[in-house]
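S.K.: Quick one, structure for this:
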Amino acid sequence: MSKEKSGKLKAFLDRKDIKFSAKRYGIDALSAMAQGLFASLLIGTIISTIGTQFGIQVLVDIGNYAKGVSGPAMAIAIGYALHCPPLVLFSLAAVGFAANECGGAGGPLAVLFIAIVASELGKAVSKETKVDIIVTPFVTIASGVLLSIYCAPYIGKAASLVGELIMMATELHPFVMGIIVAVVVGIALTLPISSAAICAALSLTGLAGGAALAGCCAQMVGFAVMSYKENKVGGLLAQGIGTSMLQMGNIVKNPKIWIPPTVASAICGPIATCLFKLEMNGAAISSGMGTCGLVGQIGVYTGWVSDIAAGLKDSITAMDWIGLIVVSVIAPAIITPLVAWPLRKIGWIKENDLKLDL
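M.R.: Purely as a prediction, here's the structure:
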């Protein structure tokens, strides 16, 4: 391609705000997808579970309707993150529905890839013709639905296969995989990417989902307790039921502060998989939520309820509750400060290294 053509193409892409970058697609779009899932599938599951438990049919109906639009919600959220103009954004509802439907169990990952492509194609043609109201929705929907029909099943199967392999490996080797899954997903939670979206894309449930939950809780509760001296109650709540991502700025300055909660993740993972056999049989997105709004714990509870309804579980036992509380709160709250103590003594973690601007 000549320099002149290359320059024109770059100018066109800049004008259309089309930026091929890992941050935009791997962080912004992925994080937005998780929010779309939260605002549909996850909240719908919570509402319908409450309705089922208390015999309130209208709540069950509300929850089911919310769960039914998870595909469109994800796609529109992705389009919003990619700064799509209105016609493109609204057209993504059909794309999300098709991608999620055709992607099967791996629907969220299919929605991510296909919504990104449809968004950028829609943006490229937006307001380029005098019949924009026809051309833009047509290009966005046609490209997205065609990709959904011919590509989404393969993307979904690939995602499901990876998720199934992880879950199978965790069942066969709960100790080792408990460590690996907890550490990897826990780190993803603290990084500016979405651990919840990753778990949803891979349909990570069961014992592996329990390990993922343990790793996320270790990061959130660990950072919250470890930094209590610097951040007090505000920091405890912001990180403990908010997000450990708040510490990313401090981690960049001193990566050693990440050691204690990561070690806690590595310890809490096997505690979940081997000792308590904690399973996440609720929505897969809950596996990557940790203690954020207690969504992870609610997900475990909804899984218990579903298992009882399906005849897979007799009842919710005291040991179930003890395991959930220990893995989610008690273990990381004890382990993280213990690991941090010698690091403070040798100067790897200094005063105010964990200070947040709250």
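S.K.: Low-confidence ranges, the stretch 1-150 of the chain, go.
M.R.: The stretch 1-150 of the chain contains residues with pLDDT under 70 at 1-2.
S.K.: do that again at 80, thanks
M.R.: Counting by pLDDT under 80, the ranges of the stretch 1-150 of the chain that qualify are 1-6.
S.K.: residues of stretch 126-136 that come out buried?
M.R.: 126, 135-136 (16 or more other CB atoms under 10 Å). All C-beta atoms are positioned from the backbone trio N, CA, C, and that covers glycine.
S.K.: what does whichever strand or helix holds Thr136 contact?
M.R.: Using DSSP states H and E, Thr136 sits in helix 132-150. The contact list for helix 132-150, computed with CB atoms under 8 Å, 6 or more residues apart in numbering, reads 75, 85, 87-88, 90-92, 94-95, 98-99, 101-103, 110, 114-115, 117-119, 121-122, 124-129.
S.K.: show me what contacts Cys268?
M.R.: 182, 214-215, 217-218, 327, 331-332, 335.
S.K.: Leaving out sequence neighbours, find the closest residue to it.
M.R.: Once flanking residues are discounted, Cys268 sits nearest to Ala214: 4.2 Å by CB to CB, 6 or more residues apart in numbering.
S.K.: So that neighbour is in contact with Gly269, correct?
M.R.: Yes. Between Ala214 and Gly269 there is a contact at 5.1 Å, judged by CB atoms under 8 Å.
S.K.: joint contacts of those two?
M.R.: Both Ala214 and Gly269 are contacted by 178, 182, under the criterion CB under 8 Å, 6+ apart.
S.K.: sorry, back to before: pull out the buried members of the contacts of helix 132-150.
M.R.: 75, 85, 87-88, 90-92, 94-95, 98-99, 101-103, 110, 114-115, 118-119, 121-122, 124-126.
S.K.: Take these and keep only those in strands.
M.R.: The strands, defined by DSSP state E, take in nothing from these.
S.K.: Mind checking which of the residues you listed are in helices?
M.R.: The helices, defined by DSSP state H, take in 75, 87-88, 90-92, 94-95, 98-99, 101-103, 110, 114-115, 118-119, 121-122, 124-125 from the buried ones among the contacts of helix 132-150.
S.K.: sorry, back to before: could you redo the buried residues of stretch 126-136 as CSV and give each row distance to Pro174?
M.R.: Formatted as CSV, the buried residues of stretch 126-136 follow (distance: CB to CB, whole Å):
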residue, distance to Pro174
Ser126, 50
Val135, 54
Thr136, 51
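S.K.: Now do whatever helix or strand comes next after the helix holding Thr136: which elements does it pack against?
M.R.: Going down the chain from helix 132-150, the next helix or strand is helix 152-172, by DSSP H and E. Secondary structure elements in contact with helix 152-172, counted by 3 or more CB pairs under 8 Å, 6 or more residues apart in numbering; DSSP states H and E, are helix 86-103, helix 107-125, helix 174-190, helix 206-226.
S.K.: quick revisit: between the buried residues of stretch 126-136, which sits nearest Ile193?
M.R.: For the buried residues of stretch 126-136, the minimum distance to Ile193 (CB to CB) is 28.0 Å, reached by Ser126.
S.K.: does the closest one really touch Lys16, like I thought?
M.R.: Yes. With contact defined as CB under 8 Å, Ser126 reaches Lys16; the gap is 7.4 Å.
S.K.: which residues sit in contact with the spatially most central residue of the chain?
M.R.: Residue closest to the mean C-alpha point of the chain, counted by CA atoms, centre = their mean, is Ala196 at 1.3 Å. Residues counted as contacts of Ala196 (CB under 8 Å, 6+ apart) are 34, 37-38, 285-289.
S.K.: try 10 Å this time
M.R.: 30-31, 33-35, 37-38, 42, 185, 188-189, 212, 216, 283-290, 292, 295-296 (CB atoms under 10 Å, 6 or more residues apart in numbering).
S.K.: Among those residues, name the ones in helices.
M.R.: Among these, DSSP H puts 30-31, 33-35, 37, 185, 188-189, 212, 216, 295-296 in helices.
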